[in-house]
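Q: need coordinates for the below:
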Amino acid sequence: MTTKSPIILWLRRDLRLSDHPALYTAVQTGRPIIPVWIHDECVETLGAAPKWRMGLSVKQFATTLENMGSKLILRRGKAVDVLKGLVKETGATTVYWSRAYDLDAIERDTAVKTSLREMGLKADSFKGHLLFEPWVAQTKAGGFFKVYTPFWNCVRQIPVSDCLPAPTNIASPITWPKTDNIVDWEMGRAMNRGAHVVAKHVCVGEEAALDRLTHFIDTAVDRYKEDRDFAGLPATSRLSENLTYGEISPRVLYHAGRAAMERGAKGAEHFIKEVVWREFAYHLIYHTPQITTSNWRSEWDSFPWRNDNPDAELWRQGMTGEPFIDAGMRELYVTGIMHNRVRMLVGSYLTKHLMTHWKVGLDWFADTLIDWDPASNAMGWQWVAGCGPDAALYFRVFNPATQAEKFDGDRAYRDRFLPTEENSHDDGMSFYAAIPLSWKLDLGQKSEEPIISLKEGRERALAAYSAQKA
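A: Residues are numbered from 1 along each chain as shown. Prediction:
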C-alpha cells in the first residue's frame with residue numbers, strides 16, 4: 001500500500017461532514033479521498049418518496065463537497081462491482097464506509113468487504129449511524145433486549161463519546177474518475193406530480209438539519225414531554241427526516257439533549273429517550289431481521305388479518321370517515337411525514353378496526369414517508385399491531401375519536417388537512433394536487449360516513465384476538 005494511494009469513501013446514509021467517523025479517519029491519513037455514492041441494489045428497492053428524498057440529499061452533499069474543493073462521484077450498479085471498478089480506475093488501496101444494520105445492507109456490505117479483501121485491499125466499516133452498536137447492549141444472560149425500558153436502563157449507563165469535528169480540507173486525487181449525472185437517474189420519477197407538493201416541506205442537508213435542531217432546543221425541548229403528542233403543535237424536532245439520510249448524527253442529537261438537560265430543560269431527557277427508541281429499533285432489526293417481513297411473535301401467525309382490500313385503499317386515500325385518521329393520511333401525502341401520535345393511530349385503525357395486515361401499512365409508509373427508516377418502520381408497525389416487541393399484557397385498540405378530543409381539541413390539525421367550504425388551508429387543498437389521478441377524488445371531497453363504526457370495529461378486533469388466544 002502506498003502512502004498516497006487514494007481512499008474511496010463509500011457514502012450511503014451518512015451525507016454530512018461533522019461527526020462522521022469514516023470521513024474523519026480518512027482525512028487523518030492525509031491521503032487523497034474519493035467520495036462516492038452508489039445507486040446500488042439497496043437504493044433500487046426504495047419506495048417513491050424515500051428514493052426522491054435521498055436524491056435531494058445526495059445533490060445537496062455534492063454541493064457541500066464542491067464548496068470544499070472536493071467532489072462526489074456518482075455511479076449506478078451493484079455495489080461490489082462498482083467499487084471494484086473504481087479501485088481499478090483510481091489505484092485506490094482502501095475503501096471506508098459507515099455501517100448499516102438491516103439484513104439487505106449487511107448482506108451487501110459483507111459481499112463487498114469479502115471481495116475487496118480478497119483483492120488485497122483494506123476495507124473497513126465504521127460506526128456513525130447509531131449511538132450504540134446493536135451488539136453492545138446485552139441482558140444479564142448475555143442476550144439481546146426485547147423490551148424498551150430494560151434496554152434504556154442499560155444503554156443510559158454507557159458513555160457517549162464526543163462528536164468529531166468536520167474537516168476543513170479534504171485532499172483530492174490527482175485525477176478524478178468520471179461521474180454519472182444524478183438527473184439521468186430520475187430518482188423522483190415515481191413521485192409523479194406529488195414531488196412539487198412535498199418539496200415545500202422538506203428540510204435538506206446538514207446545515208438545515210443543524211438549524212432545525214437549534215430551533216427545537218431553543219423553542220420546544222422544555223415542553224417536549226407535555227406537548228409532543230398534540231398533533232397541531234410544533235412540539236417535535238422533526239429530525240427523523242435528517243437522521244434517515246445521515247444529514248445529522250444521533251450523537252449530535254444526544255449531546256444537544258444532554259446540554260439542554262444540564263440547563264434544566266424539563267423535556268430534554270424524554271427527547272433523548274426518543275433518540276434511544278430508534279436505537280432499540282436497530283437493536284431489534286439486527287438481532288431479529290425477520291421483523292421486517294413476518295410477525296415478531298410467531299403466535300400471531302394465525303391472526304385473521306386481511307390482505308390488501310378496498311377498505312385499505314380508502315385508508316390510503318384518507319377517506320375512512322374518521323377525521324383524525326383521514327387528516328393523518330393526508331398529512332402524509334402532502335408533507336411526506338406524519339405526526340408520531342397520529343402514525344400510531346392510523347396503524348391501530350388499519351390493523352384493528354379494518355382488520356388489515358400490518359404489512360399493508362408498512363409497505364405504504366415505505367413508499368410515502370420521506371423519513372422512512374427500515375428499523376423504525378418495522379418496529380412501529382409491529383408494535384401497534386400487537387405482534388411485535390411489547391411488554392403490555394392487553395390488546396391495544398385506540399379510539400381515534402377520543403384521541404382527537406385529547407390531542408387535537410382545537411381541531412387545528414384536522415382543519416389543516418381536511419378542507420371544508422369554511423376552511424381551505426393550503427395544505428389541505430394541496431392533497432388534491434399531489435394524489436394520483438386514478439383516485440378520482442374531487443377537490444374538497446371527503447367521506448361522509450365511516451367505513452365501520454368505532455364500536456363495531458373494536459368489538460370485531462377483540463373477538464378475533466380472544467379467538468386466537470383460546
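Q: just checking, next helix/strand downstream of the worst-scoring helix or strand of the chain on mean pLDDT?
A: When the helices and strands of the chain are compared on mean pLDDT, DSSP states H and E, helix 426-434 comes out lowest with a mean of 91. Using DSSP states H and E, the helix or strand that directly follows helix 426-434 along the chain is helix 454-469.
Q: tell me what that next one is packed against?
A: The contact analysis (3 or more Cβ pairs under 8 Å, 6 or more residues apart in numbering; DSSP states H and E) places helix 454-469 against no helix or strand. C-beta coordinates here come from the backbone N, C-alpha and C atoms, glycine included.
Q: separation between residue 411 and residue 231?
A: Note on residue 411: its distance to residue 231, by Cβ to Cβ, to the nearest Å, is 10 Å.
Q: quick one: low-confidence parts of the stretch 101-250 of the chain?
A: Within the stretch 101-250 of the chain, no stretch falls below the threshold (pLDDT under 70).
Q: okay, buried residues for stretch 458-470 please.
A: For stretch 458-470, a neighbour-count test (16 or more other Cβ atoms under 10 Å) marks 458, 460-461, 464-465 as buried.
Q: err, stretch 290-299, not the other one
A: For stretch 290-299, using 16+ other Cβ under 10 Å, the buried residues are 291-292, 295-297.
Q: greatest separation within the residues you listed: which pair is it?
A: With Cβ to Cβ as the measure, no two of those lie farther apart than 292 and 297, at 14.6 Å.
Q: what's the closest non-adjacent residue to residue 5?
A: Excluding the flanking residues, the one nearest residue 5 by Cβ to Cβ, 6 or more residues apart in numbering is residue 93, at 4.3 Å.
Q: my read is that that neighbour contacts residue 123, right?
A: No: judged on Cβ atoms under 8 Å, residue 93 makes no contact with residue 123 at a distance of 10.0 Å.
Q: and this protein, what are its domains?
A: Here the domain parsing of the chain from automatic domain parsing is 1-127, 130-162+190-287, 292-469.
Q: format those domains as a markdown table; extra columns: distance to residue 172.
A: Below are those laid out as a markdown table (distance: least, Cβ to Cβ, whole Å):
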| stretch | distance to residue 172 |
| --- | --- |
| domain 1-127 | 6 |
| domain 130-162+190-287 | 20 |
| domain 292-469 | 32 |
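Q: nearest to residue 175, out of those?
A: Residue 175 sits nearest to domain 1-127 of all the domains of the chain, at 8.0 Å, using Cβ to Cβ.
Q: just how off-centre is the closest one within its chain?
A: Per Cα atoms, centre = their mean, to the nearest Å, the displacement of domain 1-127 from the mean C-alpha position of its chain is 20 Å.
Q: what stretches of the stretch 301-450 of the chain score poorly on pLDDT?
A: 391-393, 421-423, 444.
Q: picking up where we left off before, more neighbours: residue 411 and residue 231, which one.
A: residue 231 (26 against 16; other Cβ atoms under 10 Å).
Q: I'd assumed residue 415 was in contact with that one.
A: No: using Cβ under 8 Å, residue 231 makes no contact with residue 415, being 11.2 Å away.
Q: which element is the nearest residue to residue 388 once chain neighbours are set aside on?
A: Nearest residue to residue 388, sequence neighbours excluded (Cβ to Cβ, 6+ apart): residue 382, at 2.6 Å. Secondary structure from DSSP H and E places residue 382 in helix 374-385.
Q: how far off helix 454-469 does whichever helix or strand comes after that helix point, in degrees?
A: Counting by DSSP H and E, the next helix or strand C-terminal to helix 374-385 is helix 400-407. Put simply, helix 400-407 runs at 110 degrees to helix 454-469, going by axes from the mean of the first three to the mean of the last three Cα atoms, to 10 degrees.
Q: can you give me the buried ones in helix 400-407?
A: Result for helix 400-407 [16+ other Cβ under 10 Å]: buried residues 400, 403-404, 407.
Q: what of stretch 134-147?
A: Buried-residue list, stretch 134-147, by 16+ other Cβ under 10 Å: 134, 137, 144-146.
Q: now distance to residue 75 and secondary structure too, for those, in CSV please.
A: CSV is the format used below for the buried residues of stretch 134-147 (distance: Cβ to Cβ, whole Å; DSSP: H, G, I helix; E, B strand; the rest coil):
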residue, distance to residue 75, secondary structure
134, 29, coil
137, 36, coil
144, 36, coil
145, 38, coil
146, 40, coil
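Q: packing partners for the least confident helix or strand of the chain?
A: Packing partners of helix 426-434 (3+ Cβ pairs under 8 Å, 6+ apart): helix 195-198, helix 323-335, helix 412-417.
Q: which stretches in the stretch 201-350 of the chain count as helices?
A: Taking DSSP state H, counting those that start in this stretch as the test, the helices found in the stretch 201-350 of the chain are 206-219, 224-227, 240-244, 250-262, 268-287, 310-316, 323-335, 340-348.
Q: who's in contact with the helix holding residue 382?
A: The contact list for helix 374-385 (Cβ atoms under 8 Å, 6 or more residues apart in numbering) reads 101-102, 240, 278, 280-282, 284-285, 291-292, 295-296, 300, 343-344, 347-348, 351, 358-359, 361-362, 365-366, 369, 388-390, 396.
Q: of all the buried residues of stretch 134-147, which two lie farthest apart?
A: 134 and 146 (13.2 Å).
Q: wait, residue 193 sits on residue 434?
A: Yes: with contacts counted by Cβ under 8 Å, residue 193 reaches residue 434, the gap being 6.6 Å.
Q: so which of the two has more stuff around it?
A: residue 434 (19 against 11).
Q: since that was my last question, I'll sign off now.
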